[in-house]
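Asks: I'd like to go over a predicted model; first the sequence, then the structure.
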Amino acid sequence: MTAYKLLVAVHVLVGVIALITFWTAGLLRKGTPAHRGAGRVYLLAMVGIILTAAPMAIARWMDGHVVVTSAFLGYLVVITSTGVWVSWRAIRDKASAARFMGPVYVSLAVLSLLSGAGVLVLGLKVGAALLIGFSAVGLFTGADMLRRRLRHATLGTTPRWWMSEHYTAMIGNASPRTSPSSASACRACCRR
């Protein structure tokens with residue numbers, strides 16, 4: 001087994017763990033120790049997905065798959081990292097919307113917006129419907145995060161604002177990246 005295939009196998013394994021723990025946490029009563037525990041395992045599995053996907057994107061780029069495969073994998077790393085960070089920090093920073101929407105939040109918003117625009121341009125250039133469709137995730141997420149950042153003073157006065165941010169990010173984490181069509185696209189990109 002090559003190093004790349006081993007990396008893909010680990011990626012798939014932590015993906016299965018993430019999928020199971022996402023739905024486990026989602027079905028459990030919110031705020032219970034079981035929900036929080038499943039959520040922690042889910043977030044750790046998502047970090048594992050990100051840590052394995054980044055070198056996969058680089059490997060595909062180095063193999064000459066520059067145009068579509070490496071760009072798609074790199075883009076998925078960006079939008080997944082954004083959703084994971086927001087879902088985690090919304091709970092951690094629930095006492096301060098200003099701290100939640102600090103420099104990391106703004107950086108991820110800009111990165112999501114720019115990478116979404118880049119994937120859209122690339123998708124239009126090569127005629128890849130998958131890239132064109134998925135670009136909307138980064139474009140919408142980045143623009144929405146920047147809009148929210150501009151209103152952060154108002155957001156902090158909204159009761160349980162952090163819960164809305166957490167739920168929105170968790171729903172974004174689940175869809176469309178865990179849909180059957182996304183899994184098929186991932187298999188096609190990761191295949192060697």
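Replies: Now that the structure is in, tell me what you want to look at.
Asks: can you give me the helices for this structure?
Replies: 3-27, 33-62, 71-92, 97-100, 103-126, 129-150, 152-155, 161-174, 180-190 (DSSP state H).
Asks: the first one packs against which elements?
Replies: To tie it back to what came earlier, the one meant is helix 3-27. helix 33-62, helix 161-174 (3 or more Cβ pairs under 8 Å, 6 or more residues apart in numbering; DSSP states H and E). All C-beta spots, glycine's among them, are computed from the backbone N, C-alpha and C.
Asks: let's have those in a markdown table, adding mean neighbour count, mean pLDDT and distance to residue 93.
Replies: Below are the helices and strands packed on helix 3-27 laid out as a markdown table (neighbours: other Cβ atoms under 10 Å; pLDDT from 0 to 100; distance: least, Cβ to Cβ, whole Å):
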| stretch | mean neighbour count | mean pLDDT | distance to residue 93 |
| --- | --- | --- | --- |
| helix 33-62 | 18 | 89 | 15 |
| helix 161-174 | 18 | 87 | 7 |
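Asks: let's have the ones you listed in TSV, adding distance to residue 18.
Replies: Output for these, formatted as TSV (distance: least, Cβ to Cβ, whole Å):
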stretch	distance to residue 18
helix 33-62	4
helix 161-174	9
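Asks: those: which one's closest to residue 139?
Replies: Counting by Cβ to Cβ, residue 139 lies closest to helix 161-174 out of the helices and strands packed on helix 3-27; the figure is 13.0 Å.
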